[in-house]
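Novice: no sequence for this one, just the structure:
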């Protein structure tokens, strides 16, 4: 998976990628939405008469490349940035890209008379993202104030109406982290999931930041419930994952089924009193490893099994 997480804590640290070699590629999805790939996490771009809305911003070091790619699509200003979660391969570009944009103030954010533009785009995230980004991390530099979310929400849903389209920001508790959100563009019928769904690898469960395998399964079920396939279960609602290829509902169903089966296997082992090492030795992921597994790199199969085991071992 290209551009894996460059997380802000030691357990999720990895060698920095070669940012000079990273290239931004633009993939039109459908409706008002395109997808930028190649700069860390995938970025969703919604464009229309009101301006630009971004879902995630990639690495800080690639923000100029992201901005140049946006300018190939439109000359409209960036108005909103939505962070799907805390990790810096999704939030690193916040500071620069927000400063290059402008916030609409007044009216209903649909071009009303009397609207004006303030300096900097609004950065929206669940309140747990702000809390995590604001917290000190041992051995890590402080996150710049201008990179932090400017608009947070505490509940399960925050709604916008932008570029003549309903945009729903849906928080999922305790999944990849404790601050995850997915973003649904209702008219375009496109759903950006952040790292709740990464089709090229086993899901990354950041236990230190409130992640839990049960929450990821719940999120995948929510994605499936929101999406509607077209003919022969292909197409229809398109899904932009946190990393990897553009997907549709069938891809998420397959991924959800895989994770549910592995969860159930590990749960059964726990009920037998098996230790973590015994569970790893039993290879609960064996039949799925050719598709999702890794023995080296940032997120290995052993790390995934350990995260599932620890998730299920947590006291209720």
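Specialist: Received, thanks. On a predicted model such as this, the values are computed, not experimentally measured, just so you know. Residues are numbered from 1 along each chain as shown.
Novice: whichever strand or helix holds residue 183 pairs with which strands, and in what direction?
Specialist: Assigned by DSSP states H and E, residue 183 falls within strand 180-185. Its sheet considered, strand 180-185 pairs with strand 166-172 (antiparallel), strand 190-194 (antiparallel) by DSSP bridges.
Novice: and these as a markdown table, adding mean pLDDT?
Specialist: Formatted as a markdown table, these follow (pLDDT from 0 to 100):
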| stretch | mean pLDDT |
| --- | --- |
| strand 166-172 | 97 |
| strand 190-194 | 98 |
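Novice: ok, and which of those strands has the densest surroundings?
Specialist: strand 190-194 (a mean of 29; mean count of other CB atoms under 10 Å). Using the backbone N, CA and C atoms, a C-beta is placed for each residue, glycine as well.
Novice: residues in contact with that strand?
Specialist: Residues outside strand 190-194 that contact it (CB atoms under 8 Å, 6 or more residues apart in numbering): 29-31, 33, 41-42, 44, 55-56, 84-85, 90, 176, 180-185, 219, 223, 226-227, 237-242.
Novice: what of stretch 268-276?
Specialist: Residues outside stretch 268-276 that contact it (CB under 8 Å, 6+ apart): 278, 279, 282, 284, 306, 309, 310, 312, 313.
Novice: could you provide the strands paired with strand 180-185 in JSON lines, with additional columns for distance to residue 296?
Specialist: Shown next, in JSON lines, are the strands paired with strand 180-185 (distance: least, CB to CB, whole Å):
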{"stretch": "strand 166-172", "distance to residue 296": "30"}
{"stretch": "strand 190-194", "distance to residue 296": "25"}
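Novice: for those, which one sits closest to residue 264?
Specialist: For the strands paired with strand 180-185, the distance to residue 264 is smallest for strand 166-172, at 20.5 Å, taking CB to CB.
Novice: give me the contacts around the closest one.
Specialist: So strand 166-172 is contacted by 46, 53, 82, 124, 126, 153, 155-161, 179-187, 196, 215, 218-219, 222 (CB under 8 Å, 6+ apart).
Novice: I'd say residue 245 and residue 238 touch.
Specialist: No: checked against CB atoms under 8 Å, the pair residue 245 and residue 238 is beyond contact range at 10.9 Å.
Novice: of these two, who's got more company?
Specialist: residue 238 (21 against 14; other CB atoms under 10 Å).
Novice: from residue 273, how far off is the more buried one?
Specialist: 44 Å (CB to CB, to the nearest Å).
Novice: same check on residue 77?
Specialist: From residue 77 across to residue 273, the span is 59 Å (CB to CB).
Novice: tell me which of those two has more neighbours.
Specialist: Counted by other CB under 10 Å, residue 77 and residue 273 do not tie: residue 77 has more neighbours, with 16 against 7.
Novice: that older thread, return the set of buried residues in the strand holding residue 183.
Specialist: Under the neighbour-count criterion of 16 or more other CB atoms under 10 Å, strand 180-185 has 180, 181, 182, 183, 184, 185 buried.
Novice: export these to JSON lines and tack on pLDDT and distance to residue 170?
Specialist: As requested, the buried residues of strand 180-185 are exported to JSON lines (pLDDT from 0 to 100; distance: CB to CB, whole Å):
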{"residue": "180", "pLDDT": "97", "distance to residue 170": "9"}
{"residue": "181", "pLDDT": "98", "distance to residue 170": "6"}
{"residue": "182", "pLDDT": "98", "distance to residue 170": "5"}
{"residue": "183", "pLDDT": "98", "distance to residue 170": "8"}
{"residue": "184", "pLDDT": "98", "distance to residue 170": "7"}
{"residue": "185", "pLDDT": "98", "distance to residue 170": "12"}
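Novice: tell me the one among those nearest to residue 292.
Specialist: The nearest member of the buried residues of strand 180-185 to residue 292, counting by CB to CB, is residue 180 at 19.5 Å.
Novice: isn't the closest one up against residue 220?
Specialist: No: counting by CB under 8 Å, residue 180 stays clear of residue 220, with 11.7 Å between them.
Novice: identify the contacts common to the two.
Specialist: residue 196.
Novice: please enumerate the strands of the stretch 101-250 of the chain.
Specialist: Under the criterion DSSP state E, counting those that start in this stretch, strands of the stretch 101-250 of the chain are mapped to 102-105, 116-119, 122-126, 151-153, 157-161, 166-172, 180-185, 190-194, 238-241.
Novice: for residue 94, which of those is the nearest?
Specialist: Nearest of the strands of the stretch 101-250 of the chain (CB to CB): strand 122-126, 5.6 Å.
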